[in-house]
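[1] my questions are about this predicted structure, shown below with the sequence.
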Amino acid sequence: MTGTETARRLRQAAAALPRRLKPRAKSLIMTIWGDAIGPHGGTVWLGSLIRLLAPLGLNERLVRTGVLRLVRDGWLAAEPQFVSQIAPKIVQSTKAVNELFSSLFDLAGLDSDPLRVN
């Protein structure tokens, strides 16, 4: 069997896994948390967790419900202070990027003449 054939078979098996195992949201979230997130700082954005679990067969609603139940049961906790700490940095970075692109467009002269399509 070639390496390409092996890779194809592994992709097929991985794609079929969620259908065969029918993972439970809370169990899978706690497994991911304990194995990958907790040992590396213990903080993750909910949207990132949703994207991470999608290939494993959990849709957004299941992940949000599972996280909500784990918070309610005291296993996980929201960190609203983290949002208040990071939000100003995001705004500052966004402004800096916008200023950079504005200056690049000014240097290129893209604002001076209307664009024409031939």
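    All right, it came through fine.
[2] now do the same for W75: helix, strand or coil?
    coil (DSSP: H, G, I helix; E, B strand; the rest coil).
[3] for burial, what's the neighbour tally of it?
    Using other Cβ atoms under 10 Å, W75 has 13 neighbouring residues. From N, CA and C alone the C-beta is placed, and that goes for glycine too.
[4] one more: G38?
    Neighbours of G38 under the rule other Cβ under 10 Å: 13.
[5] pull the contacting residues for it.
    Not one residue lies near G38 by Cβ atoms under 8 Å, 6 or more residues apart in numbering.
[6] what is the neighbour count of M30?
    Neighbours of M30 using other Cβ under 10 Å come to 16.
[7] make 704 the first number, not 1, from now on.
    Okay, using 704 as the starting number, the last item reads as M733.
[8] element containing it, please.
    Per DSSP states H and E: M733 is located in helix 728-735.
[9] following that helix, which helix or strand shows up next?
    helix 749-756.
[10] list the helices and strands that next one packs on?
    helix 728-735, helix 763-775 (3 or more Cβ pairs under 8 Å, 6 or more residues apart in numbering; DSSP states H and E).
[11] buried residues in it?
    752-753, 755-756 (16 or more other Cβ atoms under 10 Å).
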